[in-house]
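>>> Attaching a predicted model along with its sequence, questions to come.
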Amino acid sequence: MSSWLHRLAIANGIAPRPFASVLELGDGMWSPRLDLRLPREVATLLTDRTDVPHETISAMAMTGPALTPLLLPLRENVRRNRSTWMQYCPQCLAGDEVPYFRRPWRLATRISCFVHGRGLRDRCPACRSGIASFDQTELMPQHFCARCAFDLRTASKVFVKTSARRLERSIDDICKVEMAKGRS
């Protein structure tokens, strides 16, 4: 949801931070909060203005008792030794025609990209800030750091041991089975 909203704002010539007022939302981490809880009035406004069906918009949010405990926590002020709310794979962003942040990158159980087999990054390698696309005041694509404008697609690769990636896949498989059963 948040990545789509950032791309929607930019496509309409509005930076993500002021776009919050278009949706009648407050300051701060407005779009990541919508990933967790999408108010009906915001969903209705988006449906009316984008012609995207309500069901499709609602499905973009990461709601539900099974998924919520697995999400990285939302933190405005992140210490350098703690994870941030969003991770990313530079190679995936570089390969996208229009770069976007994937839903699985929000999961605390995810440490690597299943496509490229490299570790996910959770901050800008240039300024060490967490990913804060929602805070962009300038009109630039969301794959640029909101703090220093570093192109996240060019970040170096992070190595993850094979054993850690195997464990991560096992956790992912277990979560899929449990969610299919309706368990949290």
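Right, received. Where do you want to start? Residues are numbered from 1 along each chain as shown.
>>> count of neighbours near residue 84?
Neighbourhood size, residue 84 [other C-beta atoms under 10 Å]: 18. Where you see a C-beta, it was placed from the backbone N, CA and C, and this is true even at glycine.
>>> Roughly how far does it sit from residue 69?
18 Å (C-beta to C-beta, to the nearest Å).
>>> Over to residue 120?
Taken as C-beta to C-beta, the span from residue 120 to residue 69 is 19 Å.
>>> Mind checking which of those two has more residues around it?
residue 120 (22 against 9).
>>> Identify the residues contacting the helix or strand bottoming out on mean pLDDT in the chain?
The weakest-scoring helix or strand in the chain, judged by mean pLDDT, DSSP states H and E, is helix 30-36 (a mean of 80). Residues outside helix 30-36 that contact it (C-beta atoms under 8 Å, 6 or more residues apart in numbering): 1-2, 5-6, 16, 20, 23, 25, 42, 61-63, 68, 71, 74, 85-86, 106, 133-134.
>>> Can you flag the buried ones in those?
Taking 16 or more other C-beta atoms under 10 Å as the criterion, what is buried in those is 1-2, 5-6, 16, 20, 23, 25, 42, 61-62, 71, 74, 85-86, 106, 133-134.
>>> Looking at those residues, which are in helices?
By the criterion of DSSP state H, membership of those in helices covers 2, 5, 6, 16, 20, 42.
>>> Check whether the third one really touches residue 134, as I assumed.
Looking back up the chat, that one is residue 6. Yes - if you go by C-beta atoms under 8 Å, residue 6 and residue 134 touch, sitting 7.0 Å apart.
>>> Quick check: neighbours shared by those two?
Residues touching both residue 6 and residue 134 (C-beta under 8 Å, 6+ apart): 16, 31.
>>> Now residue 107. Nearest residue, chain neighbours left out?
Using C-beta to C-beta, 6 or more residues apart in numbering and skipping residues adjacent in sequence, the residue nearest residue 107 is residue 70, 5.0 Å away.
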